[in-house]
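**Q** fold the following for me, if possible:
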Amino acid sequence: MLSSCVISAQYVPAKPAATASVQDHSNDPKLTFEVTEYDYGVVKKGSSMEYKFKFSNTGKSDLIFKNCNGGCECVVAKCPSSTVKPGHSGYIEVRYDSTRVGEFMKEVMIVSNASEPYMHLLLKGTVVDTDPAKNGEVIDKPVPKHAE
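**A** As a prediction, this is how the structure comes out:
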């Protein structure tokens, strides 16, 4: 009886074979951005705060955007409505509402049929009032030129 306890204690049941298959994404579209973050620097309240994030489809099939959303009502994002062929480029246009004074860091979420379907873009900067007395302490930052 003692030997049967030792034998059963050493028994390890076999694991079932994995049923999930590994998907091949080598022919999927691939969304590649030149930059994924843009710093407006310090801008005056009411200024035009638009930026175009340049992207390319570096994959092997057509890229289709499903959605582009700003992280709040203060950010508007616009994705291309047409299909982007492999090797072609385009822009995601974003606009920040500069009527809100202070520092900001806002996200834009991009959803597509790319091999990485969810991507995030980041906007940041500081909006100052046109009346300097209303700004409090604002660190002067260089204002970068908009790249297009």
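**Q** so for stretch 107-125, what's the average pLDDT?
**A** Taken as a whole, stretch 107-125 has a mean pLDDT of 96.
**Q** just give the nearest non-adjacent residue to the residue at minimal distance from the centre of the chain, would you?
**A** The chain has His120 as the residue nearest its centroid, 1.1 Å off, counting by CA atoms, centre = their mean. Leaving aside its chain neighbours, His120 sits nearest to Glu107 (5.4 Å; criterion: CB to CB, 6 or more residues apart in numbering). Just so you know, the C-beta spots here come from the backbone N, C-alpha and C atoms, and that holds for glycine as well.
**Q** mind listing the strands in the chain by residue range?
**A** All strands of the chain, identified by DSSP state E, fall at 31-33, 37-44, 50-57, 65-70, 75-78, 89-96, 102-112, 118-128.
**Q** direction included, what does the last one pair against?
**A** To tie it back to what came earlier, the one meant is strand 118-128. strand 37-44 (parallel), strand 102-112 (antiparallel) (DSSP bridges).
**Q** I'd like the average pLDDT over the shortest one.
**A** By that I understand strand 37-44. The average pLDDT for strand 37-44 rounds to 96.
**Q** measure Tyr51 to Pro29 for me?
**A** 23 Å (CB to CB, to the nearest Å).
**Q** check Asp129 too.
**A** The gap separating Asp129 from Pro29 is 44 Å, by CB to CB.
**Q** neighbour count winner among the two?
**A** Pro29 (23 against 15; other CB atoms under 10 Å).
**Q** surely that one and Glu116 touch.
**A** No: using CB atoms under 8 Å, Pro29 makes no contact with Glu116, being 9.9 Å away.
**Q** tell me who's in contact with Lys85.
**A** Counting by CB atoms under 8 Å, 6 or more residues apart in numbering, Lys85 touches 57, 62-63.
**Q** same check on Gly125?
**A** Gly125 neighbours (CB under 8 Å, 6+ apart): 39-43, 49, 96, 103-104.
**Q** in TSV: the residues you listed, plus distance to Ser112 and neighbour count.
**A** Shown next, in TSV, are the contacts of Gly125 (distance: CB to CB, whole Å; neighbours: other CB atoms under 10 Å):
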residue	distance to Ser112	neighbour count
Asp39	25	17
Tyr40	25	21
Gly41	29	14
Val42	33	17
Val43	30	17
Met49	25	20
Tyr96	22	26
Glu103	30	11
Phe104	25	19
